[in-house]
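[1] this one's structure only:
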């Protein structure tokens, strides 16, 4: 559950309770965006209190440092996984005492950071440098990639774009069908002039932002009308994908049909087993 999607604290709490009911009391996670803005800090404080009171299993933090989140979550027994776009940030998070780090490469839909480092490089480097469990994300959508990531020493993978076509996800079926027909080449990075790189679907909003980037515009107010979250929410609800910053990575090429989550996971696990069997057959010299 993405806490930022529910600015009303009461609605956020209700979503947590609904999730607990749907999962028959099993553990689930919440994404907490750590903002540097004063209004965002106050909102985060309220969200952390609700997370603690509702017994959430773990949180995925992203944005600024999780330093101020950790004491509250530790006291509540909530695990903290901090998401970063480069290993240099993962080292800092590990020193703070997070329970795990999520390292995303340049292929990730959403915010891949400014360095453009691939998931393949991060997956090979991170496990050797970090003492905490490592999750790798960005461009992952097959069992072959899961097997390769585990063999490189990581502990898990994170999939975003691949899971957009799951039946259980609430977004409009028209958008899911668009993803099934896509080959991933319409994934672009915008907001580069703001140094807030954002990988999204190349729609009208993305093209408008790219035009601002091309002229070096650094005044956020000129971007605001194109990047407001309300546009993305409207697109997901209506299925009209022309407007909004819609997180979208090239791994949509693996989203070959709208299916239940368990069916997608079964395919990925079967593919991973075949990859491991193939490795066993190879003569490595």
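    Arrived safely, thanks for sending. Everything numeric here is computed off the predicted structure, so don't read it as measured data.

[2] ok, how many other residues are close to residue 204?
    Using other CB atoms under 10 Å, residue 204 is surrounded by 12 other residues. Yep, even glycine has a C-beta here, placed from its N, CA and C like the rest.

[3] I'd say it and residue 243 touch.
    Yes. Counting by CB atoms under 8 Å, residue 204 touches residue 243, with 5.9 Å between them.

[4] What segments of the stretch 101-250 of the chain are helices?
    Here the stretch 101-250 of the chain has its helices, by DSSP state H, counting those that start in this stretch, at 119-129, 143-151, 173-181, 204-214, 221-227, 229-238.

[5] Which helix runs longest in this protein?
    helix 261-281 (DSSP state H).

[6] Which positions in it come out as buried?
    264, 267, 268, 271, 272, 275, 276 (16 or more other CB atoms under 10 Å).

[7] thought residue 142 was touching residue 268?
    Yes. Counting by CB under 8 Å, residue 142 does reach residue 268; the two are 6.6 Å apart.

[8] In this structure residue 4 contacts residue 31, no?
    Yes. Assessed by CB under 8 Å, residue 4 is found in contact with residue 31 at 7.4 Å.

[9] which sections of this structure are below the confidence cut-off?
    285 (pLDDT under 70).

[10] mind redoing it with 90?
    4-7, 35-41, 229, 280, 283-285 (pLDDT under 90).

[11] And the strands in it?
    With DSSP state E, the ranges of strands along the chain come out as 29-34, 58-63, 79-84, 100-104, 134-137, 156-158, 187-190, 198-201.

[12] follow-up on the earlier one: which one of the helices of the stretch 101-250 of the chain lies nearest to residue 187?
    Of all the helices of the stretch 101-250 of the chain, it is helix 204-214 that lies closest to residue 187, at 9.6 Å by CB to CB.

[13] The closest one to helix 229-238, inter-axis angle?
    150 degrees (axes from the mean of the first three to the mean of the last three CA atoms, to 10 degrees).

[14] Output the contacting helices and strands for helix 204-214.
    Here helix 204-214 touches strand 187-190, helix 221-227, going by 3 or more CB pairs under 8 Å, 6 or more residues apart in numbering; DSSP states H and E.
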